[in-house]
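Participant: From the sequence below, what's the structure:
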Amino acid sequence: MRTTVRRLALPAAALAAALALTACQSSDQEAAPVPAPAQPTQTTPRATPTQAPATPTTAPTTAPATTAPRRTTAPPATSSAPAPRPTTAGNDKGDDGAGHDDAGTLRPCTAGDVKVVASKVTRPLNHLALTVTNTGARPCDAVGAPLVGFDHSQAPIRIVEESKPQAVVRLAPGESAYASLILTGEPGEDTHGMTVRTIKVNLTADSMVTVTAPEGTYVDDGAAVSYWQREFEDALQF
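Facilitator: This next block holds a predicted model:
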């Protein structure tokens with residue numbers, strides 16, 4: 001029972017003290033002026049740093065526009081003339097057998113340019129060697145094969161076509177070319193022959209040289225002549 005009284009008495013005393021304190025504060029507030037309320041200061045809001053947008057690392061998906069190819073100006077064509085064809089006889093391409101090739105650059109040997117000699121040989125049998133030597137002051141060409149006849153014969157003898165060389169023989173002054181003169185045909189053939197004294201050698205269609213045949217030269221219907229060769233041994237192979 002005593003305990004309950006203490007609990008009630010304590011709040012009553014506290015309430016009285018509070019009322020006294022409030023009365024004192026009211027008298028003080030009436031005496032002192034009330035200060036004007038302070039104006040609130042506006043503070044600039046602190047800017048928060050913004051992060052720069054990340055730079056894309058991937059290449060744009062749109063393809064770059066294609067540009068037209070740059071035009072290049074072609075170099076002007078040169079007007080240099082082709083090199084002239086050499087006039088030396090390098091081969092007999094286009095040779096018609098009469099001393100002319102496809103470019104007309106040959107200078108056939110004529111009777112006024114050369115000396116022709118017919119001579120005996122030991123091998124092969126029944127052969128003579130014809131030698132043409134340039135006695136002039138300019139080069140000339142021993143073209144084709146000589147057209148050969150005997151004494152008063154009208155038709156030339158046969159030409160051995162397999163003896164045609166790869167190149168026309170050009171003769172500088174003093175140089176010679178050679179042809180093989182086959183006097184008779186194969187043994188046992190029915191031929192007609194005779195002993196001759198002269199040999200007619202046509203260098204071209206309109207230039208002929210007549211030479212003396214070696215003594216006792218006998219020819220028959222099988223006679224033939226080779227093309228002009230640069231080497232003596234080459235001529236006697238036919």
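Participant: element containing residue 233, please.
Facilitator: helix 232-235 (DSSP states H and E).
Participant: And the helices in the chain?
Facilitator: Taking DSSP state H, the helices of the chain run over residues 2-31, 232-235.
Participant: Please enumerate the strands of the chain.
Facilitator: 114-120, 127-134, 140-142, 147-150, 158-159, 169-171, 176-182, 193-195, 198-204, 207-212, 218-220, 224-225 (DSSP state E).
Participant: what's the most buried one of those?
Facilitator: strand 140-142 (a mean of 27; mean count of other Cβ atoms under 10 Å). Placement of C-beta: from N, CA and C, glycine included.
Participant: That strand - contacts with which helices or strands?
Facilitator: When contacts are defined as 3 or more Cβ pairs under 8 Å, 6 or more residues apart in numbering; DSSP states H and E, strand 140-142 sits against strand 169-171.
Participant: what lines up beside the strand it packs on in the sheet?
Facilitator: Strand 169-171 pairs in its sheet with strand 140-142 (antiparallel), by DSSP bridges.
Participant: quick one on the thing from earlier: average pLDDT for the helix holding residue 233?
Facilitator: Averaged over helix 232-235, pLDDT sits at 96.
Participant: which residues touch stretch 107-126?
Facilitator: Outside stretch 107-126, the residues that touch it by Cβ atoms under 8 Å, 6 or more residues apart in numbering are 99-100, 127-136, 138-143, 171, 181-184, 199, 201, 203-204, 207-209, 211-214, 217, 236.
Participant: Spit out the contact partners of residue 231.
Facilitator: With contacts taken as Cβ under 8 Å, 6+ apart, residue 231 has the following neighbours: residue 178.
Participant: which stretches of the chain have low pLDDT?
Facilitator: 1-104, 188-190 (pLDDT under 70).
Participant: run the last query once more with 80
Facilitator: 1-104, 187-191 (pLDDT under 80).
Participant: Correct me if wrong: residue 146 contacts residue 229.
Facilitator: No - look at residue 146 against residue 229 with Cβ atoms under 8 Å: they stay out of range, at 11.6 Å.
Participant: ok, those two, which is more surrounded?
Facilitator: Set residue 146 next to residue 229 and count neighbours by other Cβ atoms under 10 Å: residue 146 wins out with 27 against 22.
Participant: can you pull the contacts of that one?
Facilitator: So residue 146 contacts 130, 132, 179, 201-203, 225, 228 (Cβ under 8 Å, 6+ apart).
Participant: rewinding a little: next, show the common contact partners of residue 146 and residue 229.
Facilitator: With Cβ under 8 Å, 6+ apart, residue 146 and residue 229 have common neighbours residue 179.
Participant: what about residue 154, distance to residue 225?
Facilitator: Distance of residue 154 to residue 225, computed by Cβ to Cβ, to the nearest Å: 16 Å.
Participant: Number of residues surrounding residue 213?
Facilitator: Residue 213 - counted by other Cβ under 10 Å - has 20 other residues nearby.
Participant: actually residue 222, sorry about that
Facilitator: Neighbours around residue 222, by other Cβ under 10 Å: 18.
Participant: residue contacts, it?
Facilitator: Here residue 222 is in contact with 182, 184-186, 189, 191 (criterion: Cβ under 8 Å, 6+ apart).
Participant: Now that we have these, which of them are buried?
Facilitator: 182, 184-185 (16 or more other Cβ atoms under 10 Å).
Participant: Run through who's touching stretch 149-156.
Facilitator: 147-148, 157, 194, 196-200, 202, 213, 219, 223.
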